[in-house]
Structures are given as C-alpha cells and as structure tokens.
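Student: with the sequence up front, the predicted model follows.
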Amino acid sequence: MNFWNFTRSPASVRLLLDFGRAQGLTPAQLLSGSRLTQARLQNAQVSVSAGQELSVIGSLLRLSSPQPGMGLRLGSTYHLAAYGVLGLGLMSSATGVDALRLSQRFLPLTYAYVSITHRREGEYDILLFEPPARLTAEVRTFVVERAMGATVRLLRDIIGADASPSAIRLRGHAAAPAVGAELARLLGCRPQWGTSDDRVCIAHRLLQRPLPQANAVTVAMCERMCAELVERRRTQLDTATLVREYLASVPDQHTPKLTEVAVLLCTSERTLKRWFRENGTTFRELLAHSRRTRADRLLRSPGHSLTDIAVRLGFSDLSSFSQAYKRWTGTTPSLSPLRAGRPLHGS
C-alpha cells in the first residue's frame with residue numbers, strides 16, 4: 001500500500017493532539033505548518049492527507065522528548081470507535097482471524113504507515129510490521145510502534161481483555177523500566193527491544209475464539225461501505241500537491257531528487273515533468289518553496305544560528321544558504337521574525 005495515495009479521517013490527528021496535551025503541548029504548536037485547524041478536525045467529513053498527519057507527528061517528536069515506547073503508548077489509545085465503519089466490521093467478524101483479514105484488506109482505512117504481514121507459526125499467529133522507507137528514522141520508529149500498539153488494542157477490544165499478546169518485539173532501544181511496566185499494563189505484555197524485527201505474537205487459540213457480537217450481515221454491509229470509502233479516500237490531489245506533501249515530510253537535510261519522487265508516485269520522470277507543466281510549475285520550484293518554508297520555520301525557532309540552519313537544510317556553507325534565501329525572498333536570512341505570506345521569487 002502506498003499511503004500517500006489515500007486521505008484519512010481526522011480522528012487520528014485528534015488523538016495525536018490529545019496525546020500532545022498530556023505532554024504539555026498545545027494544539028496550535030502541533031498543527032503549525034499542517035494547514036489544519038481544530039475546527040476543521042471536528043468535522044467528520046474533513047479528509048486529512050498523509051502529509052498533514054505526518055506534519056503533526058513531526059511536530060510532536062520535535063517539540064517533545066521522544067522516548068522508546070512513545071508510539072506504543074499512543075497506539076494503545078486507538079480504540080475501535082476511532083475506525084468508524086471498519087471498527088464495526090471488525091467487531092462483527094466471526095473470529096479474531098477474520099477481523100485481522102478484514103483490517104488487512106482495508107488497511108487504508110486505518111492510520112498505519114506500515115505494511116503488516118500475518119502468518120501462522122505453530123501455536124501462535126505472528127504479525128510483522130515493516131516500516132516505510134521514505135521517512136526519518138525517528139518517525140519510522142514512532143509509526144511502527146503506533147501501529148503495533150493500535151493492533152494490540154484492537155485485538156483486545158475485539159476478542160476480550162484477556163486476549164493479551166504472547167510477545168511484543170521491537171528493533172529499537174529499550175524503554176526505561178517504568179515505561180515498560182506501564183506498557184505491560186496497557187497492552188497486556190511487556191515489550192522486548194533490540195530484536196531483529198518488529199512483531200506481535202498472539203496465541204492462535206485466542207484468534208480462533210468465536211466473537212460475541214459476530215454478525216455476517218453486518219460484516220457484509222461494512223465491507224461494501226469500506227470499499228466505497230477507500231475509493232472516496234483515494235486521493236484526488238493534483239500531482240504538484242502530492243509532491244508538496246512528500247517534500248514537507250522528508251528530513252530537513254535531505255534534498256529529494258526527481259527520480260525518487262517518480263518512484264514514490266509509481267511513474268516515470270518524463271511523465272512527472274509533463275504533469276508539472278500541466279500544473280504550471282516545475283519540480284525545481286516546488287523544491288525551492290519547500291526549502292524556503294523549512295528555512296522560515298527554523299529562522300523563527302529559538303536555538304538555531306544561521307550556520308546551524310544552513311547545515312540542517314543541506315547547504316555546504318552559510319554563504320550558499322544566504323544566496324539561495326535571497327533568490328527565494330529578495331532578502332538575506334535573518335533570525336528576527338519574518339513577515340508571513342511573503343511570495344516566492346524564483347527558485
């Protein structure tokens with residue numbers, strides 16, 4: 001699944017804001033740069049793009065002190081109600097195995113940025129979580145943990161509180177003992193870190209248990225509604241907007257190439273250039289606008305010198321950054337507050 005091709009319900013961003021509040025962060029801080037507002041997020045008809053949600057995740061990680069287990073804690077708050085009609089279909093499935101198959105079929109209706117593989121190994125079912133390649137290491141770790149925590153929460157909500165996983169194993173560094181104890185309480189199993197993959201193991205007998213609210217008619221109805229919803233959420237954004245979403249999510253110091261953007265959108269460079277022409281822009285202009293936006297954000301943030309910003313944005317030295325910024329805005333970069341809405345002058 002290419003998660004860039006689907007929009008999302010605002011429920012996930014609302015959960016991110018709630019999680020941030022618990023850490024002393026305001027919604028305004030987390031939504032900055034995402035083009036989202038609290039008012040829009042309260043509208044169930046609003047669609048959130050992958051880039052917008054990743055922007056909020058990036059702000060959460062940048063403004064907090066991310067620790068191992070943070071994504072697992074957030075994922076544990078994704079109860080069935082967060083998934084709308086898909087959640088109803090999962091609850092109405094015949095068994096936990098059937099619910100897993102349904103969730104994999106309609107993965108775009110979840111909030112996952114990872115691929116999830118399900119296989120049987122003896123008495124256990126194994127769920128393997130594979131992170132996306134084109135995100136920062138910090139964001140990859142976070143979204144994998146979130147997907148694992150949300151999966152465990154869903155299984156316990158569907159099957160029963162006693163349906164705890166046999167093991168939760170992650171690649172990353174171990175969390176503090178107190179965090180591990182909290183996660184054991186939330187997820188029913190103390191996670192293990194430093195393993196070769198990211199997996200959740202659960203006894204097959206638990207997944208085979210008949211679900212108390214199973215209803216074949218309801219499942220069939222939900223499947224039809226989910227299929228329609230997937231098609232509606234398949235993004236109708238123009239190519240330039242999709243590329244802007246991608247450029248906004250890459251690490252500051254990384255300068256994307258046209259080749260990798262073409263791979264992302266499953267097309268050729270030649271076709272991508274034609275799409276840009278039809279939208280009245282070029283990749284160079286979009287890239288310049290993205291770097292200027294990042295520069296403005298860093299110039300407004302405390303704790304960064306001009307040299308730091310130049311290095312962080314991938315420039316070889318301060319002089320190169322200053323020349324580029326002057327091309328974009330007509331002025332040299334300054335750490336004083338910048339006026340909003342200044343147009344981009346060239347690339």
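Tutor: Received the coordinates, thanks.

Student: what are the ranges of the helices in the stretch 1-150 of the chain?
Tutor: Remark: helices assigned in the stretch 1-150 of the chain by DSSP state H, counting those that start in this stretch are 11-21, 27-31, 38-41, 50-63, 70-75, 84-91, 96-105, 137-159.

Student: go on, the stretch 201-347 of the chain?
Tutor: So, for the stretch 201-347 of the chain - with DSSP H, counting those that start in this stretch - the helices run 204-207, 216-233, 239-249, 258-264, 269-278, 283-300, 306-312, 318-329.

Student: against which helices or strands is the last one packed?
Tutor: Read that as helix 318-329. Other elements packing on helix 318-329 under the criterion 3 or more CB pairs under 8 Å, 6 or more residues apart in numbering; DSSP states H and E are helix 283-300, helix 306-312. C-betas here are computed from N, CA, C, even on glycine.

Student: among those, which comes closest to E245?
Tutor: helix 283-300 (10.2 Å; CB to CB).

Student: which helices and strands sit right next to the closest one?
Tutor: Looks like helix 283-300 contacts helix 239-249, helix 269-278, helix 306-312, helix 318-329 (3+ CB pairs under 8 Å, 6+ apart).

Student: nearest to Y113, out of these?
Tutor: Closest approach to Y113 among those (CB to CB): helix 239-249, 10.2 Å.

Student: give me the mean pLDDT for the closest one.
Tutor: Helix 239-249 comes out with an average pLDDT of 74.

Student: tell me which of the helices and strands packed on helix 283-300 sits most buried.
Tutor: Neighbour counts (mean count of other CB atoms under 10 Å) averaged over each of those peak at helix 239-249, with a mean of 20.

Student: going by contacts, tell me the helices and strands next to that one.
Tutor: Helix 239-249 packs on helix 50-63, helix 258-264, helix 269-278, helix 283-300, going by 3+ CB pairs under 8 Å, 6+ apart.

Student: for S320, which of these is the nearest?
Tutor: Among those, if distance is taken as CB to CB, the winner is helix 283-300, at 11.6 Å.

Student: list the buried residues for that closest one?
Tutor: 283, 286-299 (16 or more other CB atoms under 10 Å).

Student: which residues are in contact with that helix?
Tutor: 33, 240, 243-244, 247-248, 252, 255-256, 258, 261, 272-273, 276, 304, 309, 312-313, 321, 324-325, 327-329, 333-335, 337-338, 344, 346-347 (CB atoms under 8 Å, 6 or more residues apart in numbering).

Student: just to revisit the earlier point, turn the helices and strands packed on helix 283-300 into JSON lines, including distance to T141.
Tutor: Putting these into JSON lines (distance: least, CB to CB, whole Å) gives the following:
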{"stretch": "helix 239-249", "distance to T141": "15"}
{"stretch": "helix 269-278", "distance to T141": "30"}
{"stretch": "helix 306-312", "distance to T141": "20"}
{"stretch": "helix 318-329", "distance to T141": "29"}
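
Student: which of those helices has the lowest mean pLDDT?
Tutor: Looking at the helices and strands packed on helix 283-300, the bottom one is helix 239-249 with a mean of 74.
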